[in-house]
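A.B. asks: my questions are about this predicted structure, shown below with the sequence.
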Amino acid sequence: MVDLTTPFSTLLSTLGLELYDLEFTGGSLNVTITKDGGVDVDMLAKASHAISAWLDENDPIANRYTLDVSSPGLERRLRTSAHYESAVGTTVTLRERRKGEPTRRLEGELLSVNGNTIVLKDKNVGEVTIDIDNVERARTVFVWGATAKPSPSKGRPQTSTKGRK
């Protein structure tokens, strides 16, 4: 199959969108788009129409396929170095394949990415260095609920009205 990354990136940028991921699997062309502030249904529809029109005009795929245009969602799938780089500082969960050992499940803060290697601070194992090629599957973890905001009186000096006239 022809690499569609550049034409799709160019096409989406004219709509104010960014190509997050592109994968052809099982007769489906999966295009994942993103934008600062999120992607709504109208943006997905516009992107789908634009990509579909480009595909009809250029016909780069010989066989039948289904086009699927979506946003990555709150819990984003991580496949490429760029995906991992965008997730540094966040919580991720992954399955690591290890030669001669069972697959290991890890979850923790993604500390860094260096080429094809990531460093993860797993909540149980500690700091682990992993080759991206050994990751079976990975995604970001959406943490529900925000940290509680301090009450308005906390941190402020207390003033007393006792004894005042």
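C.D. replies: It's in.

A.B. asks: so which residues make contact with the helix or strand where Leu55 lies?
C.D. replies: Assigned by DSSP states H and E, Leu55 belongs to helix 41-58. Residues from elsewhere that reach helix 41-58, judged by Cβ atoms under 8 Å, 6 or more residues apart in numbering: 7-8, 11-12, 14-15, 17, 29, 31, 33, 35, 61, 67, 69-71. All C-beta spots, glycine's among them, are computed from the backbone N, C-alpha and C.

A.B. asks: now do the strands in the chain.
C.D. replies: 18-25, 28-34, 66-70, 91-98, 101-114, 117-122, 126-131, 135-140 (DSSP state E).

A.B. asks: mind putting those strands into TSV with mean neighbour count?
C.D. replies: TSV is the format used below for the strands of the chain (neighbours: other Cβ atoms under 10 Å):
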stretch	mean neighbour count
strand 18-25	16
strand 28-34	19
strand 66-70	14
strand 91-98	17
strand 101-114	14
strand 117-122	19
strand 126-131	13
strand 135-140	18
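
A.B. asks: can I get those in TSV with distance to Asp40 and mean pLDDT?
C.D. replies: Putting the strands of the chain into TSV (distance: least, Cβ to Cβ, whole Å; pLDDT from 0 to 100) gives the following:
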stretch	distance to Asp40	mean pLDDT
strand 18-25	15	93
strand 28-34	11	95
strand 66-70	12	95
strand 91-98	25	95
strand 101-114	27	95
strand 117-122	31	96
strand 126-131	35	96
strand 135-140	20	95
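
A.B. asks: need those in a markdown table with distance to Ser48, can you?
C.D. replies: Formatted as a markdown table, the strands of the chain follow (distance: least, Cβ to Cβ, whole Å):
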| stretch | distance to Ser48 |
| --- | --- |
| strand 18-25 | 13 |
| strand 28-34 | 8 |
| strand 66-70 | 4 |
| strand 91-98 | 28 |
| strand 101-114 | 31 |
| strand 117-122 | 32 |
| strand 126-131 | 35 |
| strand 135-140 | 23 |
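
A.B. asks: tell me the domain ranges of the chain?
C.D. replies: Listed by automatic domain parsing, the domain ranges of the chain are 5-70, 81-140.

A.B. asks: gap between the shortest one and the chain center?
C.D. replies: Going by Cα atoms, centre = their mean, to the nearest Å, the spacing between the C-alpha centre of domain 81-140 and its chain's C-alpha centre is 14 Å.
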